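A.B. asks: Fold the stuff below for me.
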Amino acid sequence: MIVRETEDQFVMVGQHDHARLSGDAASHFTENCFVDTNYVQDVLTGVYEHDRSWIRLDDTPVWNDRDHAPFSFMDYPLLPKLTLYKQGIDEVELGNPYAALLCSLHYASFSIFQTSELPECKQFYQHELERQARIKSERNSLDEQALRSHFQLLQLCDDISLYVCLNRPGVGKEEEHPWYRKGFKNSELITGNPEHRIIPHWVSDKAIRITPSPFTGPFDAKLKLKRVSKRLAAEIGIGDAYKQTEWSEQTIVFLS
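C.D. replies: Numbers count the residues shown, from 1 in each chain. The predicted structure follows:
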């Protein structure tokens, strides 16, 4: 779950709904961003499905007593995530192995799996390395450079959607979530230089301009979310409050 807190609400976005916004952004990227156009549909599937693992985790939010807020993807307990991370990638692989390869690369890139001494983390990481090697071996002529670009595209679209989810619409640059004040890390795909970042900023409470733009032109996108009352969560618990809250839809205009 992605959670943004206001004075009287928790603005909550399911990870799979966030991934849908990521996929919608990817579907408007210029063709050259995909490097090898034979893989466009595979890449889009990977972007749309990259957080499939969270569908079950986000069904019922869990309260974090320490922070007096719902657990988000940043602080959700690790061990339940590991099982569902694997299950989600398994499900993607059943339908599209190349998309699953991208999802596996995405999860395996998380810093905790690079540094953790926990046996469960090591086991998950090793399993994903083996999955990646197996899927690569099953493809006769895999282009590693194209794969790297497709992986960067997934992570860039993930950041574009998170930028929307983690920021108050219309927020000024100096008040943005700190992850994105200096632009997106995975910008090399668009700028051609790892030192040059794509810079997003809100130009109104609906419109976002990304410079330089990876898009074919301006487009509208929708984000499904819930605005859960803090008062209601205190009265009946976050799980029931979430279920009783109606869905909302946020419209975002991406400017070219």
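
A.B. asks: Which stretches in the stretch 101-250 of the chain count as strands?
C.D. replies: Along the stretch 101-250 of the chain, the stretches classed as strands by DSSP state E, counting those that start in this stretch are 199-202, 207-211, 219-229, 247-255.

A.B. asks: ranges for the helices of the stretch 1-150 of the chain?
C.D. replies: In the stretch 1-150 of the chain, the helices defined using DSSP state H, counting those that start in this stretch lie at 15-26, 40-48, 54-57, 78-95, 97-108, 111-115, 119-137, 144-166.

A.B. asks: want to throw those helices into JSON lines with distance to residue 232?
C.D. replies: The C-beta positions use only the backbone N, C-alpha and C, and glycine is treated the same way. Putting the helices of the stretch 1-150 of the chain into JSON lines (distance: least, Cβ to Cβ, whole Å) gives the following:
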{"stretch": "helix 15-26", "distance to residue 232": "21"}
{"stretch": "helix 40-48", "distance to residue 232": "32"}
{"stretch": "helix 54-57", "distance to residue 232": "22"}
{"stretch": "helix 78-95", "distance to residue 232": "25"}
{"stretch": "helix 97-108", "distance to residue 232": "34"}
{"stretch": "helix 111-115", "distance to residue 232": "33"}
{"stretch": "helix 119-137", "distance to residue 232": "35"}
{"stretch": "helix 144-166", "distance to residue 232": "21"}
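
A.B. asks: averaging pLDDT over each of these, which comes out lowest?
C.D. replies: The minimum mean pLDDT among those belongs to helix 111-115 (a mean of 87).

A.B. asks: can you pull the buried residues of that helix?
C.D. replies: In terms of neighbour count (16 or more other Cβ atoms under 10 Å), helix 111-115 has its buried residues at residue 113.

A.B. asks: which strands and helices sit next to it?
C.D. replies: Judged by 3 or more Cβ pairs under 8 Å, 6 or more residues apart in numbering; DSSP states H and E, the packing partners of helix 111-115 are helix 119-137.

A.B. asks: now the helix it packs on against helix 97-108, angle please.
C.D. replies: Counting by axes from the mean of the first three to the mean of the last three Cα atoms, to 10 degrees, helix 119-137 lies at 150 degrees to helix 97-108.

A.B. asks: Now do the buried residues in helix 119-137.
C.D. replies: For helix 119-137, burial by neighbour count (16+ other Cβ under 10 Å) applies to 121, 124-125, 127-128, 131-132, 135.

A.B. asks: Let me have these in CSV, extended by distance to residue 194.
C.D. replies: CSV is the format used below for those (distance: Cβ to Cβ, whole Å):
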residue, distance to residue 194
121, 28
124, 28
125, 25
127, 30
128, 24
131, 27
132, 23
135, 26
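
A.B. asks: Determine which two of these are furthest apart.
C.D. replies: By the measure Cβ to Cβ, 121 and 135 form the most distant pair in these, at 21.4 Å.
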